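Colleague: Structure for this input, please:
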Amino acid sequence: MSNVAKTKFVTETTKTGVNRNASTITKDRLVCAGTPTGSELAIDGTNAGSVNTILGAIQEDVETGKSVTLLGQGSIVQLENDGTATIAFGADVVAVAGGSLAASGRVKTLPGSTGTYIKVGKSVSPSTIAATAGAKVLVELCQPTPVYVA
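Modeller: Take a look at the predicted model:
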């Protein structure tokens, strides 16, 4: 089987979502399921407790009530490091649920401390990303998957 047969088209890895948060959601973040109005696909920030409903990533700011393209599994997206550690090429990255919209939707490497984390992909940035909040990292998204560290 050739590599071409495994290729996904952008239309196969994207959806359109509507921001139902009361604030603008910042670009380069992961977003989760929100409360819909009608039959739309509603999105919200990944504030604490909602990382279990991640729908994908956004690459542009989206104001309240506006639509945005969600990039999903198989997409390579630019996300923000939460700043707790460096992120090397090939490292598994997990979603960060902050206490505020501004801190949510970033990624970090899989920690060594006990807990359940939601893996969202692997870093494909060609160089190591600094341990700086907001530093940009390229991530190949996977199906969000719970990972337990004992």
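
Colleague: Can you tell me what sits against the lengthiest strand in the chain?
Modeller: The residue-count maximum for a strand in the chain (DSSP state E) belongs to strand 136-149. By C-beta atoms under 8 Å, 6 or more residues apart in numbering, the residues outside strand 136-149 that reach it are 28, 51-52, 54, 56-57, 71-81, 87, 92-95, 107, 110-125, 129. C-beta: built from backbone N, CA, C; applies to glycine.

Colleague: could you show me where the helices are in this structure, in order?
Modeller: For the chain, the helices defined by DSSP state H cover 10-13.

Colleague: Show me it divided up by domain.
Modeller: 3-71, 76-149 (automatic domain parsing).

Colleague: The shortest one - what's its average pLDDT?
Modeller: Which is domain 3-71. For domain 3-71, mean pLDDT rounds to 84.

Colleague: Nearest residue to the residue nearest the centre of the chain in space, please, no chain neighbours.
Modeller: Centroid check for the chain by C-alpha atoms, centre = their mean gives L30 as the closest residue, at 2.9 Å. Excluding its sequence neighbours, the residue lying closest to L30 (C-beta to C-beta, 6 or more residues apart in numbering) is G105, at 4.3 Å.

Colleague: pretty sure that neighbour is touching V96, no?
Modeller: Yes. Using C-beta atoms under 8 Å, G105 is in contact with V96, at 7.2 Å.

Colleague: higher neighbour count, the two?
Modeller: Using other C-beta atoms under 10 Å as the criterion, G105 and V96 rank with G105 on top: 30 against 25.
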